[in-house]
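**Student:** missing the sequence, but the structure's below:
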Ligand SMILES: *[C@@H]1O[C@H](CO)[C@@H](O)[C@H](O)[C@H]1NC(C)=O
Ligand SMILES: *[C@@H]1O[C@H](CO)[C@@H](O)[C@H](O)[C@H]1NC(C)=O
Ligand SMILES: *[C@@H]1O[C@H](CO)[C@@H](O)[C@H](O)[C@H]1NC(C)=O
């Protein structure tokens, strides 16, 4: 047998029987040699349109649903070279991969034409794109996922994403210096958005308050140059990552208005020394707090963790914190696990206490700590 591309010969028949299945020759190829005639006859009416797979690209049709009633065309034009754009794509293309093509610019005339209107996902990662304009993606009316990671973008023009119903934007590993977070606000505001801005050179994040609040759910700002917690007030964030920024301290009010936040990561902030009392007070929904790898952070007072009523997981591994406040379990009523030092895991357990004549059997919540070998860790970790 010849290697087939994820399609059995049974699929091939199904594919051949559908009119205008322009990708059939690619998918079924030589295995269906004896059907070549038949194939050609069926395909003939389709030739002459842009529906053929462009040379060098690889087209794949995935069908699903009852009787294969739905199909999704993926076009992979990665690693070909910058002459590939503008590339004609089949009419019903959902996914286009233009990664690793040494592209330096990309504009709307390269992203226009049949097939582009229906595009749901576009991968432009690992190019050399230094500039986009506010109209570059304006023809992509159905685009949900845009990958611009590993490029050389320094600025993003206003409204560059506002024409598409995006739900995922990857801008990681670029050279962005400043960003106006309102750029992610869409007209409809229906869908929630995941934005990856990690590994850029962002030192400021600006807000234009007259504009609408972007509906960002997950925001990754790790590996930037932020010295302060940016003002993200009112954005319905559930996940926020500020790892690896030159943040020195967190102050009361820094997380104001982030009442939906579930996961906050503040790990690897070299030079991070101070958490002010009541810093996390507003984070009523927070379940996971990562403060790991902050060697300069030496203490955690009850006032600092005040208000974290939903917190279940606290990561302090690799931090300078070597002991926990005695009242910790009272301050963190929902806590399940705390990681400390090197691989020391503390779990909340309930111990049966002594029998009291008035109260009956008392239950006592304790933290029991173990290291990787399973033994109970010695003081000062034991509370
Ligand atoms: C897009 O870029 C190409 C190549 O640089 C250029 O020929 C074309 O005129 C540009 N189109 C627009 C609308 O700017
Ligand atoms: C955030 O970005 C960092 C660095 O690129 C990455 O390691 C991490 O997995 C990202 N977090 C999420 C949730 O994607
Ligand atoms: C805590 O953080 C460290 C370092 O970032 C990581 O390796 C570890 O998996 C984390 N532990 C938990 C329980 O999340």
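**Tutor:** Received, thanks. All of these numbers come straight from a predicted model, not from anything done at the bench. Ligands and ions are numbered 1, 2, ... in the order given.
**Student:** Bridged to residue 289, which residues?
**Tutor:** On the basis of DSSP bridges, residue 289 is bridged to residue 264, residue 314.
**Student:** what's it in contact with, if anything?
**Tutor:** The contact partners of residue 289, by Cβ atoms under 8 Å, 6 or more residues apart in numbering, come to 264, 266, 280, 308, 311, 313, 314, 315. C-beta: built from backbone N, CA, C; applies to glycine.
**Student:** residues from the chain in reach of ligand 1?
**Tutor:** Applying Cβ under 6 Å from any ligand atom, one finds that the chain approaches ligand 1 through 105, 107, 108, 109.
**Student:** give me every residue that touches the second one.
**Tutor:** By Cβ under 8 Å, 6+ apart, the contact list for residue 107 reads 132, 133, 135, 136.
**Student:** now the closest residue to the third one other than its chain neighbours: how far from ligand 2?
**Tutor:** Counting by Cβ to Cβ, 6 or more residues apart in numbering, residue 108 is the residue found nearest to residue 135 once chain neighbours are left out, at 4.9 Å. From residue 108 across to ligand 2, the span is 29 Å (Cβ to the nearest ligand atom, to the nearest Å).
**Student:** any chance of the contacts of residue 289 in a markdown table, plus pLDDT, neighbour count and distance to residue 295?
**Tutor:** Putting those into a markdown table (pLDDT from 0 to 100; neighbours: other Cβ atoms under 10 Å; distance: Cβ to Cβ, whole Å) gives the following:
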| residue | pLDDT | neighbour count | distance to residue 295 |
| --- | --- | --- | --- |
| 264 | 98 | 23 | 19 |
| 266 | 97 | 25 | 13 |
| 280 | 95 | 24 | 21 |
| 308 | 95 | 24 | 23 |
| 311 | 97 | 24 | 22 |
| 313 | 97 | 16 | 20 |
| 314 | 96 | 23 | 17 |
| 315 | 96 | 19 | 14 |
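**Student:** Could you single out the nearest of these to ligand 3?
**Tutor:** residue 315 (3.7 Å; Cβ to the nearest ligand atom).
**Student:** Tell me if I'm right that the closest one and residue 335 touch.
**Tutor:** No - taking Cβ atoms under 8 Å as the definition, residue 315 is not a contact partner of residue 335, at 11.8 Å.
**Student:** Helices of this protein, residue ranges please.
**Tutor:** 9-17, 24-28, 36-43, 328-331 (DSSP state H).
**Student:** returning to that earlier point: just the pLDDT at the residue nearest to residue 135, thanks.
**Tutor:** According to the prediction, residue 108 has pLDDT 93.
**Student:** So it is in contact with residue 139, correct?
**Tutor:** Yes - using Cβ under 8 Å, residue 108 is in contact with residue 139, at 5.7 Å.
**Student:** what about whatever residue of the stretch 251-383 of the chain ends up closest to ligand 2, how many neighbours?
**Tutor:** Across the stretch 251-383 of the chain, no residue is closer to ligand 2 than residue 265, which sits at 7.7 Å (Cβ to the nearest ligand atom). Number of residues near residue 265 (other Cβ atoms under 10 Å) recorded here: 20.
**Student:** Please apply the same query to residue 231.
**Tutor:** 16.
**Student:** Then the one 4 residues further on?
**Tutor:** Neighbour count for residue 235, taken as other Cβ under 10 Å: 22.
**Student:** and the nearest residue to it once chain neighbours are set aside, what does it touch?
**Tutor:** Closest residue to residue 235 apart from its sequence neighbours, by Cβ to Cβ, 6+ apart: residue 216 at 5.3 Å. In this structure, residue 216 makes contact with 181, 184, 192, 193, 194, 195, 235, 236, 237, judged by Cβ under 8 Å, 6+ apart.
**Student:** who's in contact with the last one?
**Tutor:** Right, residue 237. 216, 217, 218, 219, 258, 260, 261.
**Student:** same question, the third one
**Tutor:** If you count contacts by Cβ under 8 Å, 6+ apart, residue 192 has them with 167, 215, 216, 217, 236.
**Student:** Verify the contact between the second one and residue 236 for me.
**Tutor:** Yes - look at residue 215 against residue 236 with Cβ under 8 Å: they come within range, at 6.3 Å.
**Student:** one step back: can you tell me how far the residue of the stretch 251-383 of the chain closest to ligand 2 is from residue 259?
**Tutor:** Applying Cβ to Cβ, to the nearest Å, the value for residue 265 to residue 259 is 18 Å.
**Student:** cool, and residue 369?
**Tutor:** Separation of residue 369 from residue 259 (Cβ to Cβ) stands at 32 Å.
**Student:** Neighbour count for those two, which is higher?
**Tutor:** The neighbour comparison of residue 369 against residue 259 (other Cβ under 10 Å) goes to residue 369, with 22 against 14.
**Student:** Correct me if wrong: that one contacts residue 340.
**Tutor:** Yes - counting by Cβ under 8 Å, residue 340 is a contact partner of residue 369 at 7.1 Å.
**Student:** Quick one: neighbours of the residue of the stretch 151-300 of the chain at minimum distance from ligand 1, just the number.
**Tutor:** Distances between the stretch 151-300 of the chain and ligand 1 by Cβ to the nearest ligand atom are smallest at residue 157, namely 13.2 Å. The tally of other residues near residue 157 (other Cβ under 10 Å) stands at 13.
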